[in-house]
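*Asks:* only geometry, no sequence info:
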């Protein structure tokens, strides 16, 4: 019992950065920003949808509703009965925010100080805040603390900051985000209507649906793909319980309170081919578990959940997205994550196709080098390595036995690719940089994999430098990766007519190469060997 209690002493530093741990309140009042451990495994609040005025639920088994109050009331119905939860009234939350201009690992104190000085020289005063937390479990350390730099001014409604964000982008070519906080929570009143159309109860604040027999709970018309061209609605089923409360608009937020292991069962098939080799599936399960633990307390700080089900966090479809093969991989690796030589959780990031060589974390995201995230060749064991990314053109053209090339799931169009832009296309994409017609572009700094970190652009009216792997990719219609060679086609007068990007890989290239993991598994490596390779000697350990 004591060990379970200690495991709940989490994230006291969340958002505020305090050093002292604190006991959690009773479960009925448990903050959504603090993990809860039951039977050793954490329960994660995950948003299914929000902005609803009516939600329909049913149970594949019995469905029970917990109604708040003293004493607490229970309402239960038979399997298959459809229940409706209707919003009667509600008020939106008062959300305030600060403009966030940068983020740094907790150990990058030097980078933090240098950034503050640099921005001060530009006339913008910043202050730092700490997000995330640190805790120990089973002799291991999970520490996802981050420094963020925000503009030093009073918090304001998010919509009022848009003009200032646009000005920073125009003046400094820096994309900013908003660090939000809740000044006052939203309120909501529900009606619970049974399958016969009778109003069973009227509830203020929060309503929880659970399955006494552990059968999945079905939620009708779950919205997904918000902001993407595949945006749609579908019925989905979920393990755990479903909590309904006020979202930031005062409408219904539908939140799945789900065991991390069950969350992974509905998440892993969205991250890797469910038909892949079992050892690759196990490697993906371990990395996904570590990635979820590393994200807690860093996202959705002003919302009644910790994670969402979109690409912003992790694509999670519940039971509806599960596959027997990935369920088996999750169960076989229950409670396991990767830890470095100091017993600290590895930030187990991954990308689809590394292109034959992974990249250093600091090249892609800045900050200090992470010993577990060092770029390295992805050549198959025992095979020759005929070329190095130091000569990127030769590396891209050389036939080599890279794991992400020989996998049966390889997409050669992602392993090697070419993208062509007309000179007019490039001039339009770089219009905000105010350099005029682009005459020359050169990569002036690369990472160990050959990925571009700095791109120098010269035009008829000026010059600029595009910094950062993601900024470079975004500038050019989200290139597959920043591992590219760049050449210009020119007319008889030497003026550019087109720009050709010849590249390799799909994604940022840091950490585990998913397609490469499949290739290694097919060659006989275990999931532990796969993870040890991609995370530079990190070891898999079970923490619950």
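*Replies:* Thanks, I have the structure now. Since the structure is predicted, the reported quantities are computational estimates derived from the model, not experimental observations.
*Asks:* quick one: low-confidence ranges for this structure?
*Replies:* 1-39 (pLDDT under 70).
*Asks:* what ranges do the helices span in it?
*Replies:* Secondary structure of the chain (DSSP state H): helices at 2-7, 109-121, 162-172, 260-271, 278-295, 324-332, 361-365, 392-397, 403-406, 412-415, 423-429, 469-475, 514-522, 527-534.
*Asks:* taking helix 278-295 as reference, get the angle to the last one.
*Replies:* Read it as helix 527-534. For helix 527-534 against helix 278-295, the angle by axes from the mean of the first three to the mean of the last three CA atoms, to 10 degrees is 60 degrees.
*Asks:* who's in contact with helix 527-534?
*Replies:* Residues from elsewhere that reach helix 527-534, judged by CB atoms under 8 Å, 6 or more residues apart in numbering: 279-280, 282-283, 286-287, 333, 338, 348, 350, 358, 376, 511-513, 516-517, 520-521, 525, 538-540. From N, CA and C alone the C-beta is placed, and that goes for glycine too.
*Asks:* quick one, that helix and helix 324-332 angle?
*Replies:* 80 degrees.
*Asks:* ok, and for helix 527-534, which residues are buried?
*Replies:* 527, 528, 529, 530, 531, 532, 533, 534 (16 or more other CB atoms under 10 Å).
*Asks:* residue 209 - how many residues pack around it?
*Replies:* The number of residues packed around residue 209, counting by other CB atoms under 10 Å, is 25.
*Asks:* now for the residue nearest to it when sequence neighbours are not counted, how many residues are close by?
*Replies:* Nearest-residue entry for residue 209: residue 242, 4.5 Å, with adjacent residues in sequence omitted and distances by CB to CB, 6 or more residues apart in numbering. Taking other CB under 10 Å as the criterion, the count of residues near residue 242 is 25.
*Asks:* tell me the spacing between residue 242 and residue 455.
*Replies:* 47 Å (CB to CB, to the nearest Å).
*Asks:* residue 90 too?
*Replies:* If you go by CB to CB, the gap between residue 90 and residue 455 works out to 48 Å.
*Asks:* now residue 495
*Replies:* 20 Å.
*Asks:* mind checking which of these two has more residues around it?
*Replies:* Under the criterion of other CB under 10 Å, the comparison of residue 495 against residue 455 puts residue 455 first, with 21 against 12.
*Asks:* for the more buried one, give me its contacts.
*Replies:* 441, 442, 443, 444, 465, 466, 472, 475.
*Asks:* partner residues bridging the second one?
*Replies:* So that's residue 442. residue 456 (DSSP bridges).
*Asks:* my read is that it contacts residue 486, right?
*Replies:* Yes. Using CB atoms under 8 Å, residue 442 is in contact with residue 486, at 7.5 Å.
*Asks:* okay, these two: which has more neighbours?
*Replies:* Comparing residue 442 with residue 486 by other CB under 10 Å, the one with more neighbours is residue 486, at 15 against 11.
*Asks:* the more buried one and residue 500 touch, don't they?
*Replies:* Yes. Counting by CB under 8 Å, residue 486 does reach residue 500; the two are 7.2 Å apart.
*Asks:* ok, and what's touching stretch 285-293?
*Replies:* Against stretch 285-293 from outside (CB under 8 Å, 6+ apart): 42, 44, 142, 144, 260, 263-264, 267-268, 271, 307, 314, 326, 329-330, 332-333, 335-338, 345-350, 511-512, 527, 531, 540.
*Asks:* same question for stretch 269-276.
*Replies:* By CB under 8 Å, 6+ apart, the list of residues contacting stretch 269-276 from outside reads 280-281, 284, 288, 314-317, 321-323, 325-326, 350, 409, 514, 517-518, 521.
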